[in-house]
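In: only the shape, not the letters, is given here:
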């Protein structure tokens, strides 16, 4: 999906919500467990219930891999279902990959050829040749970790170098030599509120994928205040706050209601810029 | 596997070689392609031919994932074969994972419970809570990226902070608050030769996993000179230099010869310390 197509989806549907499919067999409703593929059954109902309120889905690979081959089958079925039933939704494989060049090339082949997914989260620690192989695909995206939403983000990401530049800022600046606003986004945690001002100084036009609204405590209003640009420039993810909002047979309806609530808030934010 | 068991293996077998199973369907010998599972067939022959010359195997997840479900089946069969036929070999899943706490917990479950592998490579960018979930398993290891062997390692890993400490040094120092020499190793690329002196100042006792000997140009002698400690403290990996040394029907014999050559050099190095 191109940047223009994504922006069009956002303003047409009046939402920049991404629903995180962190589907855990230990957390899905009991009544699904008897079926042949409970993980896919859960995802399908969540997707059907929330599709009109969001522009993107983000399956988190860890949750599928933890179930071995069976989990990977559920992942593939989820991707195929999305591509068939909701081809206008942007798909993010949240995998946080990144390795030496020939290995990153293999990962790129997996996610962009084998699964034909729109984008992949990538970790920056290994530098240029670990990221560039993912940038060779027309219409595909790298979503590079910059400033994450977890407590451990303080351990290394905020360390300033001798010129005062912090590591996440160096990642933002350096990576702009490798890709641009048309094939690269950044992960910036919602829990880092005012930091969005610093990020927008370095990357004014890039889309930011923002986890941490909801379960991790970030505020949507604050994210928009400091992080939005004229094209919106945000994909805000919510996982647990939507998909596990109810553990009963009504889980899909409750997920829809939670997603609708966020869509409504997002519509208000979008009206401020267009 | 405990640290003592690993050291015992190294001095008994007189080798600290790790064979990297970066098995690529596009690179394995033609004559295997007709079989039911060429990837596993290749791995099995490589393992049988090299087992007596090495103490560890390191399948690189990217290569298996790039083939989807089928690749994961080959990976599982490889792990099961190793655990059955060569239970004294240390297994490293080279996956370079690392995510927020609840996701890292899922990855830990995958590799340490589902696959029951000894160790996993982990990326440090997201800090403490992305690493700690992997340290909760008795006899299991985190192998944290410190200074990698690729060109991109210069982009961020060598950046010095305001006290002059470089990022890879900060990773070495900080992570010692999370784990110790009994459950944590570090990835240090062989191409970084003299840097091993700096690393040993901060982490004198930890095992180091050293990729980059061979295809990537690192020298075994230099690595040993600067990186070895009294317990050896090194696992030196070779992937392409062994497994793709011949693309004919003799690939396994040639791989064995290459592994034997490295084992011989390693024996000489080990004799210098004991």
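Out: Great, that's in hand. The structure presented is a predicted model; accordingly, all values stated were derived computationally and were not measured. Numbering: from 1, shown residues only, chains lettered A, B, ... in the order given.
In: shaky segments in the stretch 151-274 of chain A?
Out: Within the stretch 151-274 of chain A, the segments meeting pLDDT under 70 span A:215-217.
In: for the residue of it found nearest chain B, which non-adjacent residue is closest in space?
Out: In the stretch 151-274 of chain A, the residue found nearest to chain B is residue A:152; the distance is 2.4 Å by C-beta to the nearest C-beta. In this view, the C-beta of every residue, glycine as well, is placed from N, C-alpha and C. Once its chain neighbours are removed from consideration, residue A:152 has its nearest residue in residue B:127; the separation is 2.4 Å (C-beta to C-beta, 6 or more residues apart in numbering or on different chains).
In: would you map the helices across the stretch 51-200 of chain A?
Out: A:61-65, A:68-85, A:101-108, A:128-131, A:153-156, A:167-175, A:195-202 (DSSP state H, counting those that start in this stretch).
In: quick one: closest of the ones you listed to residue B:109.
Out: helix A:61-65 (8.8 Å; C-beta to C-beta).
In: say whether chain B is contacted by that closest one.
Out: Yes. Where contact is defined by C-beta under 8 Å from any C-beta of the partner chain, part of helix A:61-65 touches chain B, namely A:62-63, A:65.
In: residue A:235 belongs to a helix?
Out: No. Read with DSSP: H, G, I helix; E, B strand; the rest coil, residue A:235 is strand and lies in no helix.
In: what ranges does chain A have for its strands?
Out: A:17-21, A:56-59, A:90-97, A:119-122, A:141-147, A:184-188, A:208-210, A:234-238 (DSSP state E).
In: okay, the helices of the stretch 51-200 of chain A, which one's buried deepest?
Out: Per residue and on average, the most neighbours among those fall to helix A:61-65, with a mean of 26 (mean count of other C-beta atoms under 10 Å in any protein chain shown).
In: touching, residue A:90 and residue A:118? I think so.
Out: Yes. Contact status for residue A:90 versus residue A:118: in contact at 5.1 Å, counting by C-beta atoms under 8 Å.
In: overlap in contacts of these two?
Out: The overlap between the contact sets of residue A:90 and residue A:118 (C-beta atoms under 8 Å, 6 or more residues apart in numbering or on different chains) consists of residue A:1.
In: let me have the strands of chain A in JSON lines, extended by mean neighbour count.
Out: Compiled in JSON lines, these are given as follows (neighbours: other C-beta atoms under 10 Å in any protein chain shown):
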{"stretch": "strand A:17-21", "mean neighbour count": "26"}
{"stretch": "strand A:56-59", "mean neighbour count": "24"}
{"stretch": "strand A:90-97", "mean neighbour count": "25"}
{"stretch": "strand A:119-122", "mean neighbour count": "27"}
{"stretch": "strand A:141-147", "mean neighbour count": "26"}
{"stretch": "strand A:184-188", "mean neighbour count": "26"}
{"stretch": "strand A:208-210", "mean neighbour count": "26"}
{"stretch": "strand A:234-238", "mean neighbour count": "28"}
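In: pull the contacting residues for residue A:16.
Out: With contacts defined as C-beta under 8 Å, 6+ apart, residue A:16 is in contact with A:10, A:55, A:232, A:234-236, A:266, A:270.
In: show the pLDDT at the residue of the stretch 1-150 of chain A found nearest chain B.
Out: Nearest to chain B in the stretch 1-150 of chain A, going by C-beta to the nearest C-beta, is residue A:127, at a distance of 2.5 Å. According to the prediction, residue A:127 has pLDDT 98.
In: just to revisit the earlier point, farthest pair in the contacts of residue A:16?
Out: The widest separation within the contacts of residue A:16, taken as C-beta to C-beta, falls between A:235 and A:270 and amounts to 12.9 Å.
In: still on that earlier bit, list just the nearest of the contacts of residue A:16 to residue A:107.
Out: Using C-beta to C-beta, the shortest approach to residue A:107 within the contacts of residue A:16 belongs to residue A:235, at 21.2 Å.
In: run through the bridge partners of that closest one.
Out: residue A:209 (DSSP bridges).
In: OK, contacts around it?
Out: With contacts taken as C-beta under 8 Å, 6+ apart, residue A:235 has the following neighbours: A:16-18, A:55-56, A:90, A:92, A:185, A:207-210.
In: which two in the residues you listed are spaced the farthest apart?
Out: Within the contacts of residue A:235, two members stand farthest from each other by C-beta to C-beta: A:17 and A:185, at 15.3 Å.
In: returning to what we had before: out of the contacts of residue A:235, which is nearest to residue B:29?
Out: Nearest to residue B:29 among the contacts of residue A:235: residue A:92, at 37.4 Å, using C-beta to C-beta.
In: list the contacts for the closest one?
Out: A:18, A:56-59, A:117-121, A:143, A:209, A:235.
In: try residue A:269
Out: A:220-221, A:224, A:228.
In: thinking again about what came up before, give me phi/psi at the residue of the stretch 1-150 of chain A closest to chain B?
Out: phi 80, psi -170 (degrees, to the nearest 10).
In: distance check, residue A:30 against residue A:249.
Out: Counting by C-beta to C-beta, to the nearest Å, the gap from residue A:30 to residue A:249 is 9 Å.
In: nope, residue A:267 is what I was after
Out: Following C-beta to C-beta, the distance that separates residue A:267 from residue A:249 is 29 Å.
In: cool, residue A:232 as well?
Out: Residue A:232 sits 35 Å away from residue A:249, going by C-beta to C-beta.
In: dump the residue contacts of the closest residue in space to residue A:218 that isn't next to it in sequence.
Out: Spatial nearest neighbour of residue A:218, excluding adjacent residues (C-beta to C-beta, 6+ apart): residue A:190 at 2.5 Å. With contacts taken as C-beta under 8 Å, 6+ apart, residue A:190 has the following neighbours: A:149, A:210-213, A:216, A:218-220, A:222-223, A:236.
In: ok, residue A:166 next?
Out: A:157-160.
In: which residues does it bridge with?
Out: Beta-bridge partners of residue A:166, counted by DSSP bridges, are residue A:160.
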